[in-house]
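In: Provided below for reference: sequence and predicted model.
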Amino acid sequence: MMSVRENLAHPWLVTLPEAAAIQQRLAAEVVLGALPASGPGAPLLAAGVDVGYTKDGSRAWASAVAMDHRFRVVASAVVAGEPDRPYARGYLAFREGRLTIEALEALDVDPGVVFLDGHGIVHERGLGLASHVGVLLDVPAIGVPKTPFHAIDHLPGPRRGDYYVLTKEWGAQGASIRLKAGAKPVYVSPGHLVDLDSAIALALAWSSGRHRVPDPLAAAHTMSAHARNSALGIG
C-alpha cells in the first residue's frame, strides 16, 4: 500500500514562508517522464481524490476512489478531519494535502496513477497539490483542476479530446482540455512521474466522456459530498 517517503516527510502546520521552503525543496524531487495510457506498462487502476468542506471550511472529508478500466470502483476510502490551514493561493497542499494522503493510504489497492483536483508543476514554485502528493507517495500523479492557474485567453475546441497547450512564463506546461463534449474544459498538468503528453492521454483514457473530469475524480467528488452531507444530516 502507499505510504509517505520517510526522507521527504514534513510537518503540515507551518507558516507560509516555511510552506514555500518545503515546496521549493520537494519541487527538486519531481520527475517527469512518459507513462503509457494503454498497452504494456499502462496503469491497471486509477484513483481520484477529492476533498469536500463545510461552508465555513472548518471540517473536511477527503475521499479516494480507485477504478479499473471499465470504470468499476474497486476500492474507496473516506477520511474526515480538519484542514490544516485556511485556503491560500499557491498553498492548497497545506490545506488538504495531509487528508488527501491519508485517504490514499487507506485504499487497499495501489493505483497506477492518481488524479487530483489541484495543479501539478504549473505552479509558481513548481509544486502544486498533484506534484506534492505524487512526490511524497512516489506515485504517478496528474492535476486536473477546473480553474487555470492564471487567466487564459484561449479555449480548446468543443469536442471531447480537444486541447490547447499552455506554457507559463517560467516554462512549465499544462493543457486546457475538454473531457466531455460541450462541457467546460479542465486544466491538466503533470504532477509526478508523467509528462504532459502522458497526462493528456491518461486523462482521456480514464474518462468515459460522461463527466467534466476523469471518472475516478468525479466518483471521489460524489463520495466526499455524500460523506459531508451524511455527517451534517443533509438529505
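Out: Nice, thanks for sending it over. Computed from a prediction, not measured in an experiment: that's the story for all the values here.
In: report the buried residues of the helix or strand Val79 falls within.
Out: Per DSSP states H and E: Val79 is located in strand 73-81. Residues of strand 73-81 classed as buried by neighbour count (16 or more other CB atoms under 10 Å): 74-80. Backbone N, C-alpha and C define where each C-beta goes, glycine included.
In: from the residues you listed, pick the one nearest Ser63.
Out: Val78 (4.9 Å; CB to CB).
In: quick one, grab the pLDDT at the closest one.
Out: Note for Val78: predicted pLDDT of 98.
In: just the one 10 residues further on next, same as before
Out: Reading off the per-residue confidence, Ala88 sits at a pLDDT of 94.
In: residues near it, how many?
Out: By the criterion of other CB atoms under 10 Å, Ala88 has 11 neighbours.
In: and Asp197, how many neighbours?
Out: Going by other CB under 10 Å, the residues that sit close to Asp197 add up to 15.
In: what sits up against whatever helix or strand it lives in?
Out: Assigned by DSSP H and E, Asp197 falls within helix 196-205. For helix 196-205, the surrounding residues in contact (CB atoms under 8 Å, 6 or more residues apart in numbering) are 32-38, 42-43, 46, 113, 115, 120, 142, 144, 160-161, 163, 165, 173-175, 177, 179, 186, 188-191, 194, 214.
In: mind listing what's buried in the helix ranked longest in the chain?
Out: In the chain, with assignment by DSSP state H, the single longest helix is helix 215-232. Of all the residues in helix 215-232, those buried under the rule 16+ other CB under 10 Å are 215-221, 223-224, 227-228.
In: look up the pLDDT of the closest residue to Ser38 other than its chain neighbours for me, please.
Out: Of all residues beyond its chain neighbours, the one nearest Ser38 is Ala205 (6.3 Å), with distances taken as CB to CB, 6 or more residues apart in numbering. pLDDT for Ala205: 98.
In: listing partners with orientation, what would you give for the helix or strand hosting Trp61?
Out: Assigned by DSSP H and E, Trp61 belongs to strand 60-67. With DSSP bridges as the test, strand 60-67 is paired with strand 46-53 (antiparallel), strand 73-81 (antiparallel).
In: turn those into JSON lines, including distance to Leu8.
Out: As requested, the strands paired with strand 60-67 are exported to JSON lines (distance: least, CB to CB, whole Å):
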{"stretch": "strand 46-53", "distance to Leu8": "19"}
{"stretch": "strand 73-81", "distance to Leu8": "20"}
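In: all strands of the chain, in order?
Out: Taking DSSP state E, the strands of the chain run over residues 46-53, 60-67, 73-81, 113-116, 141-143, 163-167, 173-177, 186-192.
In: beta-bridge partners for the residue nearest the centre of the chain, please?
Out: Central residue of the chain (CA atoms, centre = their mean): Leu116, 1.2 Å from the mean position. In this entry, Leu116 is beta-bridged to Val49, Gly143, by DSSP bridges.
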